[in-house]
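# got a sequence here, can you build the structure:
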Amino acid sequence: MKRLLRLTLVFSLPLFILACGQGPTFLKVGEPASDFSLVDRQGKTWTLSELKGQVVFINF
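All right, here's what the predicted structure looks like:
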């Protein structure tokens, strides 16, 4: 089951990126990250710009 999930992710991620019409963008060292928002398990929305000056660890 885990193998099937892994294979699905490996093949679907590149297709998803192509469907979006853009490839991945890479930051250079010292360049600021683009602002984005994520929702945690409790439903709270976190925005990167609100956490400026703090260490941010994102675990997917």
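# all strands for this structure, in order.
Assigned by DSSP state E, the strands in the chain fall at 37-39, 45-47.
# out of those strands, which gets nearest to residue 55?
Comparing these by their distance to residue 55 (C-beta to C-beta), the top pick is strand 45-47, with 13.4 Å. Bear in mind the C-beta positions are built from the backbone N, C-alpha and C, glycine included.
# switch the strands of the chain over to JSON lines; also include distance to residue 6 and mean pLDDT.
Formatted as JSON lines, those follow (distance: least, C-beta to C-beta, whole Å; pLDDT from 0 to 100):
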{"stretch": "strand 37-39", "distance to residue 6": "23", "mean pLDDT": "91"}
{"stretch": "strand 45-47", "distance to residue 6": "28", "mean pLDDT": "93"}
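# tell me where the model's unsure across this structure.
Along the chain, segments meeting pLDDT under 70 span 1, 17-24.
# show me where it has helices.
Per DSSP state H, the chain carries helices over the ranges 2-20.
# can you list the strands of the chain in CSV and add distance to residue 16?
Shown next, in CSV, are these (distance: least, C-beta to C-beta, whole Å):
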stretch, distance to residue 16
strand 37-39, 18
strand 45-47, 23
